[in-house]
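# build me a model:
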Amino acid sequence: MTDPSRRLLVFGCHEAWVALLAGLGRPLDIVTGLKGRVGGWDARARVLPPETRFISIADVETGHDTYECAILHSLSDLRDLGGVDVPRLVVFHATLEGRLVEEGSALTPADLRALARRYLHLKRAEAVAVSALKARSWGLEEDPIPPGIDVAAMPAHRGDVAAGVRVANRVASRRRILAWDFHERAFHGLPIRLIGDNPGWRTAGPARSWDHLCDALASHRFYVHTADPELEDGYNLAMLEAMACGLPIVGNPHPTSPIEHGVSGFLHEDPATLGTLAARLLADPGLAARLGAAARRTVERRFTPAAFHSGLAVAIDRARRRWNAGALARSGVAGSATGGVLASRTTGDGRFPKSGGIPRNGESPVQRA
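Next up is the predicted model:
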């Protein structure tokens, strides 16, 4: 049951992650219609959480609703939120380096990290990442909040389709991030179904619905995940959902992968060898079922909804305290913005401090991070 006094303002996109917010017990207002954004909620990706409304940023600015916090997905969202009086939490879903690679930016990681730091301070926004790799990438000290998977809500693995499956969007612009050259060498000649938004790819398209995606995961023999260890994690939300369905995972070795080679899937640095291991799963559904069962137990143990919800609740509380401290500073109650916890600073290694403050210069030119 939701608590209407604790409504969250959530910017659109990242439907798979936003759907996880349903477990917080807060009603959601999802902002749509922003310039340069396409559509509203993509029902093909996830079912809309209960007690959710769609709202424009103009209605937010002129309305009388109060929000516990605004949940944002990028510095662009933070920019578009403008001067709305609401605590704000930015959730980073990608590494800083991966973002630069995908956009072909001329900025260096150090440049973008510094710009992001100053912009977050200026806007009195709290920030958190969805993984430890991404937290380190953006220089965040606070604990990351990995997704939580409700294993009981996922369908049981059937594995009746002798093929692998992978969920990936925008592959053309993310080839390096997804280690796609490795993917192509490893699975050349093997039946692999790609699901995702990839314009111009006639052999790949998005799922028709959440039920359709779940059925695709449950019916295939194994799930593929490859990624450049410097740019992306050894897992993502789709992979964790595949594990929850009981699929073994096949991919390249990665420091952050939750997969144990030969126990819950196969990981190998040699593409040809990995292809041979994948072919074993195609030929032996019993082996796939055994490894997939271990993968399911792993995600059930390591990626719990309870940990996700409690971590996000702590981050929201932190965002509220930071915003309220800024309001006190503006009223003169908390003293000068040039000292104490309200001073603009970082730790000695360039990471974001656990309590940050107000910069003394103007807004940074960060637009798309």
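
# shouldn't residue 78 be in contact with residue 89?
No - applying CB atoms under 8 Å, one finds residue 78 not in contact with residue 89, separated by 9.8 Å. All C-beta atoms are positioned from the backbone trio N, CA, C, and that covers glycine.

# just want the most central residue of this structure.
residue 93 (3.6 Å; CA atoms, centre = their mean).

# pLDDT wise, what is it at?
pLDDT recorded at residue 93 is 97.

# alpha carbons of whichever strand or helix holds residue 184, in CSV - could you do that?
Using DSSP states H and E, residue 184 maps to helix 180-186. Extracted in CSV, the C-alpha atoms of helix 180-186 (Å, rounded to 0.1, in the frame of the first residue of the first chain):
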residue,chain,number,x,y,z
TRP,A,180,30.6,-6.5,-29.1
ASP,A,181,33.6,-7.6,-31.2
PHE,A,182,34.2,-10.3,-28.6
HIS,A,183,30.5,-11.2,-28.7
GLU,A,184,30.6,-11.6,-32.4
ARG,A,185,33.7,-13.8,-32.4
ALA,A,186,32.5,-16.0,-29.6
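
# could you dump the helix or strand just after that helix to CSV, C-alpha only?
Going down the chain from helix 180-186, the next helix or strand is strand 192-195, by DSSP H and E. Presented in CSV, the C-alpha positions along strand 192-195 are these (Å, rounded to 0.1, in the frame of the first residue of the first chain):
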residue,chain,number,x,y,z
ILE,A,192,21.6,-16.0,-30.4
ARG,A,193,18.5,-13.9,-30.2
LEU,A,194,19.0,-10.1,-29.6
ILE,A,195,16.1,-8.2,-28.0
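
# which elements pack onto the helix or strand just after strand 192-195?
With elements assigned by DSSP H and E, the helix or strand that comes after strand 192-195 is helix 210-219. The contact analysis (3 or more CB pairs under 8 Å, 6 or more residues apart in numbering; DSSP states H and E) places helix 210-219 against strand 161-167, strand 192-195, helix 237-245.

# switch the cut-off to 6 Å
Judged by 3 or more CB pairs under 6 Å, 6 or more residues apart in numbering; DSSP states H and E, helix 210-219 is in contact with helix 237-245.

# partner strands of the helix or strand where residue 90 lies and their direction?
Element membership for residue 90 (DSSP H and E) is strand 88-92. Counting by DSSP bridges, the strands paired with strand 88-92 are strand 69-72 (parallel), strand 126-129 (parallel).

# can you give me how far that strand is from the chain middle?
Centre-to-centre, strand 88-92 and its host chain are 11 Å apart (CA atoms, centre = their mean, to the nearest Å).

# list the buried residues for it?
For strand 88-92, burial by neighbour count (16 or more other CB atoms under 10 Å) applies to 88, 89, 90, 91, 92.

# contact partners of that strand?
Residues outside strand 88-92 that contact it (CB atoms under 6 Å, 6 or more residues apart in numbering): 69-73, 78, 125-129, 134, 138, 315, 319.

# now that strand - C-alpha only, CSV.
In CSV, the C-alpha atoms belonging to strand 88-92 read as follows (Å, rounded to 0.1, in the frame of the first residue of the first chain):
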residue,chain,number,x,y,z
ARG,A,88,16.9,15.8,-5.7
LEU,A,89,18.7,12.5,-6.1
VAL,A,90,20.6,11.7,-9.3
VAL,A,91,21.0,8.0,-10.0
PHE,A,92,24.0,7.2,-12.4
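
# against which helices or strands is the following helix or strand past that strand packed?
Once the chain leaves strand 88-92, the next helix or strand it forms, by DSSP H and E, is helix 96-103. Contacts defined by 3+ CB pairs under 6 Å, 6+ apart place helix 96-103 against helix 109-122.

# by contact count, what packs against the helix it packs on?
helix 96-103.

# which residues are contacting the helix it packs on?
By CB under 6 Å, 6+ apart, helix 96-103 touches 109, 112, 137, 138, 173, 174, 176, 177, 231, 232.

# quick one: pLDDT of the fourth one?
This points to residue 138. Note on residue 138: pLDDT of 97.

# mind putting the strands paired with strand 88-92 into TSV with mean neighbour count?
Formatted as TSV, the strands paired with strand 88-92 follow (neighbours: other CB atoms under 10 Å):
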stretch	mean neighbour count
strand 69-72	25
strand 126-129	25
